[in-house]
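>>> Got a sequence here, can you build the structure:
(4 chains)
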2 protein chains.
Amino acid sequence: MTLLAQNPLDAETKAHEHEDGHQTQLRLWLRLLSFSALVESQIRRRLREDFRTTLPRFDLMAQLERADDGMTLNELSKRMMVTNGNVTGLVERLVAEGLVERRPAPKDRRAQFVRLTPLGRRLFQHMAGAHGRWLAVLFSGLDEKEMEEMMALLGKAKLSAREALSRGELEIP
Amino acid sequence: MTLLAQNPLDAETKAHEHEDGHQTQLRLWLRLLSFSALVESQIRRRLREDFRTTLPRFDLMAQLERADDGMTLNELSKRMMVTNGNVTGLVERLVAEGLVERRPAPKDRRAQFVRLTPLGRRLFQHMAGAHGRWLAVLFSGLDEKEMEEMMALLGKAKLSAREALSRGELEIP
DNA sequence: TCCCGATATTTTAGGTTTCAAATATCGGAG
DNA sequence: CTCCGATATTTGAAACCTAAAATATCGGGA
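Prediction:
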């Protein structure tokens, strides 16, 4: 949301700078950030105004909704791509709100399972419906084919980024 | 009782009513988030390891770098798409690090101009070069044409989202 | 069995971020 | 000139988030 938000004023200024060669990547990255910041801020706002909750809590509940038996904190943090300590705090707050419950893992005394309470599940279904409608509005500029196209490009970019990372291409020479 | 729970009755009615059409948008949104989270986490890591700084600070300096005379906190917060209070704290830390300096606005005693110090400018140029190289690695899966394509789609999506928002399509009916 | 590296979670410290309220100033209407 | 709504910034409270260290447990090998 906060990354290098693009300056709307000089969107087209430096399309022809050859000094570095990385210009297109930067412009694409800025545009991607600026769009996702726009969408994200609207979703945050609506979650707050309509449901008095936050995006991270919604995200966590969305992960839990797919697993009837719940999952461990560790699995949650991997799926949400955030740190363990982060999940600890989020779960704490959701438990306090009665939307989520913890129980010890059956065979591993280090781990805990977390799952939605019936209240949490009911509330999440409300929120998920609204969330889908918001996205429909925010993505209404793209037709089905364009969305598939963009998804393909993102998939390709992500795969290749992962591969480059595993080859250590981002590490200090 | 914080979270909304006022209409448990039509939970399924509404969910069912809108259950169908929004699948592609959701998948696209999740894929976009997952890619940008990947890129973002790598940039954060490299900024920390190579320059002992953070992404928000880099972001703020990037805005300042384009304005020789500096800009006001208010303008900064608009361009970065974050709140005023946020910028206040960031500038505070950057001033403490000697990378940024404030001075009163000439004609408006409410406002302050902020700009890079020579040290800040020098450091930013280093960081921007590295940042460009990181992006080149992370986007290496897309060729020029694909990047332009994705940029066009993002531009279209953003424009239409803005228009939908200005028509109030996201507000409560 | 004991030990040890790996895994799951929490804790700690520091930053980032938002919202809302407070403060100060501006600029125009009357 | 005075008042008043708008604008620029700061402050305070709460949440979010990360990295790194600490704690507890697991599981396998000697």
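>>> the helices in chain A, which residues?
Secondary structure of chain A, counting by DSSP state H: helices at A:23-51, A:55-65, A:73-80, A:84-96, A:118-138, A:144-166.
>>> Could you export the ones you listed to JSON lines, including columns for distance to residue B:41 and mean neighbour count?
Every residue, glycine included, has its C-beta placed from N, CA and C. Listed next are the helices of chain A as JSON lines, based on distance: least, Cβ to Cβ, whole Å; neighbours: other Cβ atoms under 10 Å in any protein chain shown:
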{"stretch": "helix A:23-51", "distance to residue B:41": "14", "mean neighbour count": "19"}
{"stretch": "helix A:55-65", "distance to residue B:41": "16", "mean neighbour count": "20"}
{"stretch": "helix A:73-80", "distance to residue B:41": "12", "mean neighbour count": "17"}
{"stretch": "helix A:84-96", "distance to residue B:41": "13", "mean neighbour count": "15"}
{"stretch": "helix A:118-138", "distance to residue B:41": "24", "mean neighbour count": "20"}
{"stretch": "helix A:144-166", "distance to residue B:41": "10", "mean neighbour count": "16"}
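>>> got CSV for those, with distance to chain B and mean pLDDT too?
As requested, those are arranged in CSV below (distance: least, Cβ to the nearest Cβ, whole Å; pLDDT from 0 to 100):
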stretch, distance to chain B, mean pLDDT
helix A:23-51, 4, 92
helix A:55-65, 9, 95
helix A:73-80, 9, 94
helix A:84-96, 10, 94
helix A:118-138, 4, 94
helix A:144-166, 2, 94
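>>> Save these as JSON lines, and put in distance to residue B:61 too.
Converted to JSON lines, those look like this (distance: least, Cβ to Cβ, whole Å):
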{"stretch": "helix A:23-51", "distance to residue B:61": "15"}
{"stretch": "helix A:55-65", "distance to residue B:61": "27"}
{"stretch": "helix A:73-80", "distance to residue B:61": "29"}
{"stretch": "helix A:84-96", "distance to residue B:61": "26"}
{"stretch": "helix A:118-138", "distance to residue B:61": "30"}
{"stretch": "helix A:144-166", "distance to residue B:61": "25"}
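>>> In CSV, list these along with distance to DNA strand D.
As requested, the helices of chain A are arranged in CSV below (distance: least, Cβ to the nearest atom of the strand, whole Å):
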stretch, distance to DNA strand D
helix A:23-51, 10
helix A:55-65, 3
helix A:73-80, 8
helix A:84-96, 3
helix A:118-138, 14
helix A:144-166, 14
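>>> With respect to residue B:81, which of these lies nearest?
helix A:23-51 (5.2 Å; Cβ to Cβ).
>>> Return the angle between stretch directions for the closest one and helix B:73-80.
Angle between the axes of helix A:23-51 and helix B:73-80 is 100 degrees (criterion: axes from the mean of the first three to the mean of the last three Cα atoms, to 10 degrees).
>>> Could you list every helix and strand in contact with helix A:23-51?
For helix A:23-51, the elements it packs on are helix A:55-65, helix A:118-138, helix B:23-51, helix B:118-138, helix B:144-166, judged by 3 or more Cβ pairs under 8 Å, 6 or more residues apart in numbering or on different chains; DSSP states H and E.
>>> For residue A:110, find the nearest of those helices.
Among the helices and strands packed on helix A:23-51, the nearest to residue A:110 by Cβ to Cβ is helix A:55-65 (19.8 Å).
>>> Identify the residues contacting the closest one?
A:40, A:43-44, A:47, A:70-71, A:76, A:79-80, A:82, A:86-87, A:90-91, A:93-94, A:99-100, A:114-116, A:120-121, A:123-124, A:127-128, A:131 (Cβ atoms under 8 Å, 6 or more residues apart in numbering or on different chains).
>>> That one and DNA strand C, any residue contact?
No - Helix A:55-65 stays clear of DNA strand C (Cβ under 7 Å from any atom of the strand), getting no nearer than 9.9 Å.
>>> chain center to that helix: distance?
Centroid displacement of helix A:55-65 relative to its chain, using Cα atoms, centre = their mean, to the nearest Å, is 10 Å.
>>> Output that helix as PDB, nothing but the C-alphas.
Extracted C-alpha coordinates of helix A:55-65, given in PDB (Å, rounded to 0.1, in the frame of the first residue of the first chain):
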ATOM      1  CA  LEU A  55      -8.100  -6.500   6.200                       C
ATOM      2  CA  PRO A  56      -5.600  -8.700   8.100                       C
ATOM      3  CA  ARG A  57      -8.300 -10.200  10.200                       C
ATOM      4  CA  PHE A  58     -10.400 -10.800   7.100                       C
ATOM      5  CA  ASP A  59      -7.400 -12.400   5.400                       C
ATOM      6  CA  LEU A  60      -6.800 -14.700   8.300                       C
ATOM      7  CA  MET A  61     -10.500 -15.700   8.500                       C
ATOM      8  CA  ALA A  62     -10.400 -16.400   4.800                       C
ATOM      9  CA  GLN A  63      -7.600 -18.900   5.200                       C
ATOM     10  CA  LEU A  64      -9.500 -20.600   8.100                       C
ATOM     11  CA  GLU A  65     -12.700 -20.800   6.200                       C
END
